[in-house]
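J.: the sequence and its predicted three-dimensional model are supplied below.
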2 protein chains.
Amino acid sequence: MTAGVVTGRRTQAERSAGTKAALVDATIETIADIGYHRASLGEICGRAGVSKGGLFRHFESRLALVVAAAEEVGRRHVEGFRSLGDAPVADLLEFARGRSRARINAVWFELLVAARTDSELRERLAPVAVRLYDTIEELALGPSFGPELDPDLVRLVGTSMVHMFDGEAVIRVVLPRPEIEDARLAGAGELMAAVARGAVSRG
Amino acid sequence: MTAGVVTGRRTQAERSAGTKAALVDATIETIADIGYHRASLGEICGRAGVSKGGLFRHFESRLALVVAAAEEVGRRHVEGFRSLGDAPVADLLEFARGRSRARINAVWFELLVAARTDSELRERLAPVAVRLYDTIEELALGPSFGPELDPDLVRLVGTSMVHMFDGEAVIRVVLPRPEIEDARLAGAGELMAAVARGAVSRG
DNA sequence: ACGTTTAGAGACCGATCGGTTGCAATGAGG
DNA sequence: CCTCATTGCAACCGATCGGTCTCTAAACGT
């Protein structure tokens, strides 16, 4: 599970990296399981198999830990996106929807909502979010959309779709409507296809 | 502020309704200000000018209180929507976006995210959300869209827009992009106008 | 006017939180 | 092998949480 773990005799750097990764993994899992405000350091440490004292050896505060967790989730998103390579727009859309609904993506929802009323979290999360969006948009602009297309238009429609799936994912917890969601995915696919074939211009 | 407050001698029913409304108002304001998990009963009671003992006279638990707050926010949304009456689709969209961004709407985001990992909250919030969406969709299907339009299509596009604005509102806390957001509103307006004039069919 | 019921106040409770501290174990360098 | 810095553990701290309990004040029924 936790990449980078070495058994037997380990160097200090390996030990440090190992427990750090275990703590970040446990943080992601804990927030995904029981939510941000219930994800106490005690619970996280218990899952990671690390004591509270050990945690503070690697992270200066709970805040630093959850920001590291958000970064890791972003890293996995980018990884998944990259491994998708070139694909039809319909596949891209389904992948995007899947990411919005993904277990670990809940970490982002939890932290974004918390960031609204927590200025320190907001300030530390903002640059991470900027980097994540920049990376993904750069990645998405390459394949599937020829250079003859207005990149601003592609960016506009693409982010709009992501926001739409995010909003859907949030309300779906309490109000799932599978038929409408499927129709939405299909309709979004048609719109994206129209954009890809250059049939949509910017107003 | 708190509608229904009567000064001087009041009947028990008036007293009860008054403090109840004050508590719900304070809950909405507190969650909007400092978030769901920081909105402690002490803080809420302080703002409402009611003691903790007084609170539990009217609400069996913190959960019951925040669900009542969500209901009140929904009521105000419907009220605003109703007072909008018949209006061009562009105005409807701007109104919808404004609602997604509204201070008090944060209560819904906070509770929806919390509901994902809190089964009791989820179960109590679900029927409220269903009623709210049903009411708004019923209201929106009336004006602006003639009866010759497929109501399912209007519902699909309409909810998709709402989800889009919701997703935008959530990420905007940490990653505001005013130019893209304005272009998004304009583009959504064009799409909605096309739907309203019957230029879009369901696939 | 008076006993009953309801609304409200505020001290109090056990549990849990994020974070600290002193100490034991481990690996690094000579 | 010995010394020292790093890593990890667990008891501990003050603060705060949701919720309860007891008591007073106000409105009600008669």
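T.: Okay, I see it.

J.: so residue A:100 makes contact with residue A:165?
T.: Yes: using C-beta atoms under 8 Å, residue A:100 is in contact with residue A:165, at 3.9 Å. C-beta coordinates here come from the backbone N, C-alpha and C atoms, glycine included.

J.: these two: who's more crowded?
T.: Taking other C-beta atoms under 10 Å in any protein chain shown, residue A:100 and residue A:165 do not tie; residue A:165 has more neighbours (27 against 23).

J.: what's near enough to touch that one?
T.: If you count contacts by C-beta atoms under 8 Å, 6 or more residues apart in numbering or on different chains, residue A:165 has them with A:96, A:97, A:99, A:100, A:101, B:163, B:167.

J.: could you report the pLDDT at the first one?
T.: So that's residue A:96. The predicted local confidence for residue A:96 comes out at a pLDDT of 96.

J.: list the residues that contact it.
T.: Residue A:96 makes contact with A:161, A:162, A:165, according to C-beta under 8 Å, 6+ apart.

J.: residues touching residue A:29, list them.
T.: Contacts here follow C-beta under 8 Å, 6+ apart; on that basis residue A:29 touches residue A:47.

J.: quick one, phi psi at it?
T.: According to degrees, to the nearest 10, the main-chain angles of residue A:29 amount to phi -60, psi -40.

J.: state the distance from it to chain B.
T.: Between residue A:29 and chain B the distance is 12 Å, computed by C-beta to the nearest C-beta, to the nearest Å.

J.: wait, residue A:104 sits on residue A:79?
T.: No: counting by C-beta under 8 Å, no contact exists between residue A:104 and residue A:79, whose distance comes to 11.8 Å.

J.: the helix or strand containing residue A:194 packs against which elements?
T.: Secondary structure from DSSP states H and E places residue A:194 in helix A:178-196. With contacts defined as 3 or more C-beta pairs under 8 Å, 6 or more residues apart in numbering or on different chains; DSSP states H and E, helix A:178-196 has these neighbours: helix A:89-101, helix A:151-172, helix B:151-172.

J.: any buried residues in stretch A:83-97, and which?
T.: Of the residues in stretch A:83-97, those with enough neighbours to count as buried (16 or more other C-beta atoms under 10 Å in any protein chain shown) are A:89, A:92, A:93, A:94, A:96, A:97.

J.: which one of these is nearest to DNA strand D?
T.: Taking C-beta to the nearest atom of the strand as the measure, DNA strand D sits nearest to residue A:97 out of the buried residues of stretch A:83-97, at 34.5 Å.

J.: which residue is the nearest non-sequential neighbour of that closest one?
T.: Taking C-beta to C-beta, 6 or more residues apart in numbering or on different chains as the measure, residue A:97 lies nearest to residue A:165, with 4.6 Å between them; neighbours along the chain are not counted.

J.: a markdown table for the buried residues of stretch A:83-97, including distance to residue B:138?
T.: As requested, the buried residues of stretch A:83-97 are arranged in a markdown table below (distance: C-beta to C-beta, whole Å):
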| residue | distance to residue B:138 |
| --- | --- |
| A:89 | 34 |
| A:92 | 35 |
| A:93 | 30 |
| A:94 | 31 |
| A:96 | 31 |
| A:97 | 27 |
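
J.: widest-spaced pair of those residues?
T.: Put simply, by C-beta to C-beta the two of the buried residues of stretch A:83-97 set farthest apart are A:89 and A:97, 12.6 Å from each other.

J.: does DNA strand D have contacts with the helix or strand hosting residue A:22?
T.: With the criterion set as DSSP H and E, the secondary-structure element containing residue A:22 is helix A:12-34. Yes: counting by C-beta under 7 Å from any atom of the strand, DNA strand D has neighbours in helix A:12-34: A:12, A:13, A:15, A:16, A:18, A:19.

J.: that helix - what's its average pLDDT?
T.: The average pLDDT for helix A:12-34 rounds to 94.

J.: tabulate the CA atom coordinates of it in PDB.
T.: Coordinates of each C-alpha in helix A:12-34 appear next as PDB, following Å, rounded to 0.1, in the frame of the first residue of the first chain:
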ATOM      1  CA  GLN A  12      16.900   7.200   8.700                       C
ATOM      2  CA  ALA A  13      15.700   8.700   5.500                       C
ATOM      3  CA  GLU A  14      13.700   5.600   4.600                       C
ATOM      4  CA  ARG A  15      12.200   5.400   8.100                       C
ATOM      5  CA  SER A  16      11.200   9.000   7.900                       C
ATOM      6  CA  ALA A  17       9.800   8.800   4.400                       C
ATOM      7  CA  GLY A  18       7.900   5.600   5.300                       C
ATOM      8  CA  THR A  19       6.100   6.900   8.300                       C
ATOM      9  CA  LYS A  20       5.400  10.200   6.600                       C
ATOM     10  CA  ALA A  21       3.800   8.300   3.700                       C
ATOM     11  CA  ALA A  22       1.900   6.100   6.100                       C
ATOM     12  CA  LEU A  23       0.600   9.200   7.900                       C
ATOM     13  CA  VAL A  24      -0.500  10.900   4.600                       C
ATOM     14  CA  ASP A  25      -2.200   7.700   3.400                       C
ATOM     15  CA  ALA A  26      -4.000   7.300   6.700                       C
ATOM     16  CA  THR A  27      -5.100  11.000   6.600                       C
ATOM     17  CA  ILE A  28      -6.600  10.500   3.200                       C
ATOM     18  CA  GLU A  29      -8.400   7.300   4.200                       C
ATOM     19  CA  THR A  30      -9.600   8.800   7.400                       C
ATOM     20  CA  ILE A  31     -11.000  11.900   5.900                       C
ATOM     21  CA  ALA A  32     -12.600   9.900   3.100                       C
ATOM     22  CA  ASP A  33     -14.100   7.600   5.800                       C
ATOM     23  CA  ILE A  34     -15.300   9.900   8.500                       C
END
